[in-house]
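> Predicted model and sequence follow; I will ask about them next.
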Amino acid sequence: MRRYDDDRRQPSKDAMTTQENGRKRRRGSKGPTITAVARHAGVSAMTVSNVLNNKSFVNPATREVVLEAVKALNYTPNNAARSLAAAKTLRIGLLHRDIDSALLSAMLVGSLRATSRLGVQLVLEIYDSTDPIGSIEKVAENGIDGLLLPPPICELASAAGLPERHDVPMIGLAPGSNLRNMDCVRIDDERASYELTRLLLDMGHRRIAMVTLPTALVAASRLRGYLRALGDAGVVADMDVVWEAPPSFEAGLGLAERVLADTRNFTAVIAGNDDMAAAFVNVALRKKIAVPDALSITGFDDTPIAVKIWPALTTVRQPLALIAEKATERLVAILRDEETEQPPQAIYVDYSMVERQSTGPAPR
């Protein structure tokens, strides 16, 4: 075993003092962190990062507050860290409340098509239907880069002013009307409802019932189209046959059981979506009401259930997958600063009428 003298192994006192001072200088030279800047400005660290990277979607007032905090703390960004952050994979969240819904399935197909092509990660997030706003805020503050919001949560987020309160870009998917503070991709629901009502009117129907969706801008838009079509045909609207129900098969069953009585005074029903229309067909056939000979029924969206029942549904084909794909492309362009800053835009896609066996001439 080799041995060394103690004086050869121990550093001198002067060397120890020099090393210790060096360590102290290195510790003392550490400046404020991005977390400290965020705390000083009262925002999240992600917001500070967005400002420093000159992201165009940051609220101007927020940008000013962050830059003042940077100046006050004499913060110097770590260029290496910023380069790593710029190279990271973007994470986009798609919020939903029902994994089994046809709407989510279609939108998921479109979003995945775009994210796969653009090299972006798609994250599915479930929101609490009893606290949708709180759910969005939780996701927005948890490191997501952008959000895709389907109906009706996009409409609720817009009304609550979330795009102004969070520097996470949000895009609405298929809202019932344009949103004042976020981009959206949609069809013209009012015109689609008008054309669907005209289709029934042209078949001779004059007593046309309608099912609207609760707390949704789409309900107001489609109701306007329905009322306008009736007015143009000289038909006086009867609001007693305009009902409201959640957009589910179960809700449709409950409503249909109540309104499809022997004394009904309508010959056609425009349901809020295909699931509800399928429920009406189910109850009508069980009550021995012939569809379409005694009662015509229409859906909306043209989801798979529209052709899985008999008679197959007349409906409006809303291209949900295309809507989600275009919304994802738009969101990624914003996040990558490929889009110049501009007011919220509505991107319209085409819809089409699909006439099948659930509608026919009005009974005489």
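The structure has been received and is ready for your questions. Numbers count the residues shown, from 1 in each chain.
> Tell me the secondary structure at residue 214.
Under DSSP: H, G, I helix; E, B strand; the rest coil, the three-state class of residue 214 is coil.
> quick one, what contacts it?
244-246 (CB atoms under 8 Å, 6 or more residues apart in numbering). C-beta here means a position set from N, CA and C on the backbone, and glycine is covered the same way.
> swap in residue 268?
By CB under 8 Å, 6+ apart, residue 268 lies in contact with 200, 203, 205, 207-209, 295-298, 359, 362.
> ok, now residue 54?
With contact set as CB under 8 Å, 6+ apart, residue 54 has these partners: residue 337.
> show me what contacts the residue positioned nearest the centre of the chain?
When CA atoms, centre = their mean is applied to the chain, the residue found nearest the centroid is residue 149 (1.2 Å). Listed by CB under 8 Å, 6+ apart, the contact set of residue 149 reads 95, 136, 157, 170-173, 182.
> List just the nearest of the residues you listed to residue 354.
residue 173 (20.8 Å; CB to CB).
> surely that closest one meets residue 324?
Yes. If you go by CB atoms under 8 Å, residue 173 and residue 324 touch, sitting 5.8 Å apart.
> Neighbour count: these two, which is higher?
More crowded of residue 173 and residue 324, by other CB atoms under 10 Å: residue 324, with 28 against 25.
> Phi, psi for that one please.
In this entry, residue 324 is assigned phi and psi values of phi -70, psi -40 (degrees, to the nearest 10).
> so what's it up against?
Residue 324 neighbours (CB under 8 Å, 6+ apart): 94, 106-111, 114, 148, 173, 185.
> at 7 Å what do you get?
107, 110-111, 148, 173 (CB atoms under 7 Å, 6 or more residues apart in numbering).
> Kindly report the same for residue 215.
residue 152.
> Check which residues of the helix or strand hosting residue 281 are buried.
In the assignment (DSSP states H and E), residue 281 maps to helix 274-286. For helix 274-286, burial by neighbour count (16 or more other CB atoms under 10 Å) applies to 274-284.
> tell me which strands and helices the helix or strand following it is in contact with?
Per DSSP H and E, the first helix or strand lying C-terminal to helix 274-286 is strand 296-298. Applying 3 or more CB pairs under 7 Å, 6 or more residues apart in numbering; DSSP states H and E, we find strand 296-298 packed against strand 268-270, helix 274-286.
> okay if I get these as a markdown table plus mean pLDDT and distance to residue 313?
Converted to a markdown table, the helices and strands packed on strand 296-298 look like this (pLDDT from 0 to 100; distance: least, CB to CB, whole Å):
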| stretch | mean pLDDT | distance to residue 313 |
| --- | --- | --- |
| strand 268-270 | 98 | 11 |
| helix 274-286 | 97 | 5 |
